[in-house]
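>>> Got a predicted structure here, sequence first:
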Amino acid sequence: MGPLRINDGESLRCRLVRYLEELTDEEFKKFKLYLEDSSPREGFLRVPRGQIKKADNTDVAELMVRHYGECEAWDVALMIWEKMGLRELWEQFILNICLYFFIFHLTDIGNRRTYRNRIIEKFQLMRDRNSCPGEYENLHHRFTQLLLLQEYRYREQKEHELLASGREHAEIMENQGQLIEVAALFDPYEKTGVHPQIVVLQGAAGIGKTTLARKVMLDWAEGNLYQDKFHYVFYLSCREMNHLREKKTKFADLITNDWPSLEDPMTEILSQPEKLLFVIDGLDELKFSCDEHSFDLCKHWNQRQPVPILLSSLLRKTMLPESSLLITTRLTALGKCDFLFENPRHVEILGFSEEDRWKYFCNFFGDEDKAQQAFSLIVNNETLFTMCFVPLMCWIICTCLKQQMRRKKDLKQSSKTTTTLYMCYLSSLVTPGGRSCPVQHHRGLCRMAAEGIWEGKILFDEDDLRRHGLEASDVSAFLDMHIFQRDTDSENCYSFIHLSFQEFFAAMFYALEEEKEINLLEKCRDSATSFVALTVHFLFGFLNADNRKRLEEIFRCKISQEIKIDLLQWIQAGIEQQHRDSSLRNDLLEIFSHLYETQNEEFVTSAIAHFSEISLNIYSNTPHVSSMHHPVPWASVFHLPPQGIECQSHVGEMVLIVNLKS
């Protein structure tokens with residue numbers, strides 16, 4: 001056997017064919033017998049015996065690469081040659097393959113550089129919600145650092161993210177939990193020294209999960225993050241996976257969909273799974289359950305399977321088990337998918353610190369004097385200051401303040417509650433009875449939002465629009481108002497700029513449609529359907545006189561008084577039920593947050609008229625804003641003097657005794 005020639009650019013697959021051609025007929029027959037009995041490493045498929053028997057050199061090489069991947073196929077071939085005593089062939093391979101891998105290394109560097117440049121091109125620009133079509137901003141310029149808590153916090157009752165987070169933030173900061181930096185997410189645990197393979201980034205709606213995921217992609221591509229850990233980082237959007245759920249494909253093709261230049265070297269890339277990171281963004285948005293496919297999981301990335309099975313196989317670690325996963329999801333969705341992960345590191349995104357809120361204001365206003373004027377207002381308003389830890393709320397508040405500053409309006413009154421804030425934002429965009437956006441179009445949008453809340457739908461196609469009396473041409477006004485947007489992955493799909501806006505419009509639907517809100521309230525009583533909680537919260541906010549007036553001006557109609565009666569009866573029944581059962585006292589916090597949202601003394605007085613005293617349990621593992629640990633804020637909820645409220649501290653909890661006859 002003469003020396004084997006190295007051909008520049010020759011693939012490992014072709015090289016394996018040439019080596020097999022060097023075998024005599026007897027040696028090749030023996031090689032196939034060994035191959036039939038070989039045991040592949042975990043995660044690789046055995047080559048079927050029936051396919052090996054009649055296969056020629058090319059067929060055998062093709063079968064080995066298809067089932068093992070190119071690098072693993074060479075490992076198997078080397079093992080068999082050693083068992084056959086073909087030492088000369090084995091030594092020549094080692095000598096030649098060293099040169100091959102030197103060439104491969106240079107090629108890989110080029111592939112990686114090309115891929116990094118494509119990632120930078122895709123992720124460095126972001127579209128701000130206030131920007132005009134075609135306007136983009138640099139992600140580095142707009143990104144503000146987020147606090148990350150390395151801890152998994154269980155709740156007895158999972159409230160709606162946007163509400164729950166606002167109450168939790170201050171006490172979390174007081175407790176000074178173990179914070180962690182993005183760069184350290186895959187560092188080993190202090191106690192065991194084990195590196196986590198799965199990191200779950202959990203957080204409330206609008207807390208910045210997707211922005212952070214995109215920042216991770218950009219920082220890696222620019223050489224500033226995980227350089228020693230991962231050779232390649234891939235981004236998988238669960239929202240995009242929903243569009244592909246009927247598609248049957250290979251995982252290798254799925255992740256190279258946007259990067260065709262990676263198709264050729266994908267075998268080599270995926271043969272080193274320990275050097276791969278997959279960023280899976282928005283797991284809570286999946287429209288299919290990963291649990292449904294537990295018996296159909298695949299082990300090899302080259303198998304053609306439906307997209308849900310491929311994603312489930314990656315999450316459950318049956319495919320590419322040595323790879324690392326960075327997963328983002330909402331807090332309330334975590335319980336539904338936590339069983340998928342084995343020993344994950346849970347990290348909660350808390351939002352902005354005080355210092356970072358100031359940085360966000362500076363970035364938003366672009367002028368330190370204007371930023372200082374706006375920031376001084378929210379610093380002195382405890383409610384606003386707490387809300388600003390959520391990036392989405394910070395954006396809404398900054399947007400409203402900027403608009404109100406131009407019009408010289410009372411900034412404090414325009415942003416006292418969540419509903420008032422959203423109403424202020426909407427009112428600034430809508431001219432009552434304006435021709436640019438007819439009332440029937442507003443009603444259609446509200447009706448579609450409500451339908452989406454019930455069906456768990458956040459993406460709407462043109463059929464959805466038509467069903468609610470809207471055409472694609474009618475949507476342009478909502479796009480210009482920055483409350484509705486085209487989906488980035490499909491020109492024919494739309495969504496609200498954020499789920500909380502969809503819930504706000506759904507609440508307007510129930511405020512305008514008599515009797516329909518009864519079903520909503522019945523569902524909200526069921527803790528298993530807490531997805532409607534914020535919609536109900538907004539509905540209480542519409543009982544505020546100013547908010548109701550604005551709503552009636554926009555829709556040119558009167559809100560029925562029946563809604564007020566229904567809400568009053570619903571909240572009285574809730575207080576009565578939880579007053580009888582002390583184990584449910586913590587649920588009263590949600591009810592009284594609804595009362596505060598009304599800013600309606602008459603309504604609050606009617607709601608609590610039949611009770612002389614109410615006890616509220618505040619558990620240490622369900623943190624709330626530190627201000628709630630003091631009688632004064634609670635006095636404002638009940639419209640009572642502070643001396644009418646008593647605080648009693650016990651181990652692990654605090655009890656507020658509200659004397660309603662003070």
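Ah, there it is.
>>> My read is that Tyr425 contacts Thr399, right?
Yes. Tyr425 is within contact range of Thr399, at 6.3 Å (criterion: CB atoms under 8 Å). From N, CA and C alone the C-beta is placed, and that goes for glycine too.
>>> Nearest residue to the middle of the chain?
Gly282 (3.2 Å; CA atoms, centre = their mean).
>>> Pretty sure Ser237 is one of the things that residue touches, is it not?
Yes. Gly282 lies in contact with Ser237 (CB under 8 Å); the separation is 6.5 Å.
>>> before we move on, back to that, so Tyr425 and Thr399 - more neighbours on which side?
The residue with more neighbours, out of Tyr425 and Thr399, is Tyr425; 23 against 19, by other CB atoms under 10 Å.
>>> so how far is Ala55 from Lys32?
In this view, Lys32 and Ala55 are 7 Å apart by CB to CB, to the nearest Å.
>>> on that earlier part again, for the residue nearest to the centre of the chain, give me its contacts.
By CB atoms under 8 Å, 6 or more residues apart in numbering, Gly282 lies in contact with 209-210, 237-239, 328-329.
>>> quick one: which of those residues is most hemmed in?
Neighbour tally across those (other CB under 10 Å): the maximum, 27 neighbours, falls on Thr328.
>>> Regarding that residue, what is its secondary structure?
Following DSSP: H, G, I helix; E, B strand; the rest coil, we place Thr328 in the strand state.
>>> For the closest residue to it other than its chain neighbours, give me the pLDDT.
Sequence neighbours aside, Lys209 is the residue nearest to Thr328 in space, at 4.0 Å (criterion: CB to CB, 6 or more residues apart in numbering). With respect to pLDDT, Lys209 scores 91.
>>> Next: Tyr100.
pLDDT, Tyr100: 57.
>>> next one: Asn600
87.
>>> what about it, how many residues close to it?
Asn600 has 21 nearby residues by other CB under 10 Å.
>>> That one and Gly206: what is the separation?
From Asn600 to Gly206 the distance is 27 Å (CB to CB).
>>> same deal with Pro48?
51 Å.
>>> before we move on, what about Leu465?
For Leu465, the distance to Gly206 - CB to CB - is 25 Å.
>>> what's the answer for Leu470, then?
Separation of Leu470 from Gly206 (CB to CB): 25 Å.
>>> How about the backbone phi and psi for the residue nearest to the centre of the chain?
phi 80, psi 50 (degrees, to the nearest 10).
>>> quick one: it from Arg330, how far?
Distance, Gly282 to Arg330, using CB to CB: 8 Å.
>>> Could you list the domains of the protein?
12-105, 182-351, 416-559 (automatic domain parsing).
>>> Save those as a markdown table, and put in distance to Leu567 too.
Below are the domains of the chain laid out as a markdown table (distance: least, CB to CB, whole Å):
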| stretch | distance to Leu567 |
| --- | --- |
| domain 12-105 | 56 |
| domain 182-351 | 23 |
| domain 416-559 | 6 |
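>>> of the ones you listed, which approaches Met405 most closely?
domain 416-559 (11.7 Å; CB to CB).
>>> end to end, how far does the closest one reach?
22 Å (CA to CA, to the nearest Å).
>>> where do the helices sit along the stretch 51-200 of the chain?
Counting by DSSP state H, counting those that start in this stretch, one finds helices in the stretch 51-200 of the chain at the ranges 57-68, 70-84, 87-123, 139-142, 161-175.
>>> least reliable of those helices going by mean pLDDT?
Among those, helix 161-175 scores lowest, at a mean of 44.
>>> Right, I'll leave it there.
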